[in-house]
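Trainee: this one's sequence-less:
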């Protein structure tokens, strides 16, 4: 009987843990749902890289799929990468881990530029707001855009 009580208590404890705790250790290839913009309810994000060298703490580079972002060229982008978020910003955005993939969007060039700026003592752009807020800001041209058509 004690075995069943312990199992029940363990299940209750796991259900009480907030979503952010599950997202504590992002891993390359994880696919997450996130709090999307209303026009992109099926959008997901994929973890492309995790950099632990920033003064802001861990920076998680993500790729977004199934977005609808109007690029200044007039094209509608359905994906964007790499977008560097602080871990805290990402923790507030992700909802559920839905899978893992080994087919990652390209991130080498964007990450290299981010790293070069950091090494040169500059503040590379690192997003501290929610993913949905950043996508809107990028679409409105408020911050530089790094995207794949």
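Mentor: Okay, I see it. Please read all numbers here as calculations on a predicted model, not as lab measurements.

Trainee: mind listing what residue 29 touches?
Mentor: Contact criterion CB atoms under 8 Å, 6 or more residues apart in numbering gives 46, 47, 100, 101, 102, 104 as the residues in contact with residue 29. For every residue, glycine as well, the C-beta is placed using N, CA and C.

Trainee: Just flag the most distant two among the residues you listed.
Mentor: 47 and 102 (12.1 Å; CB to CB).

Trainee: Looking at those two, which one has more neighbours?
Mentor: A side-by-side neighbour count of residue 47 and residue 102, using other CB atoms under 10 Å, places residue 47 first with 23 against 6.

Trainee: Ramachandran coordinates for the more buried one?
Mentor: phi -80, psi 120 (degrees, to the nearest 10).

Trainee: roughly how far apart are it and residue 96?
Mentor: Distance of residue 47 to residue 96, given as CB to CB, to the nearest Å: 14 Å.
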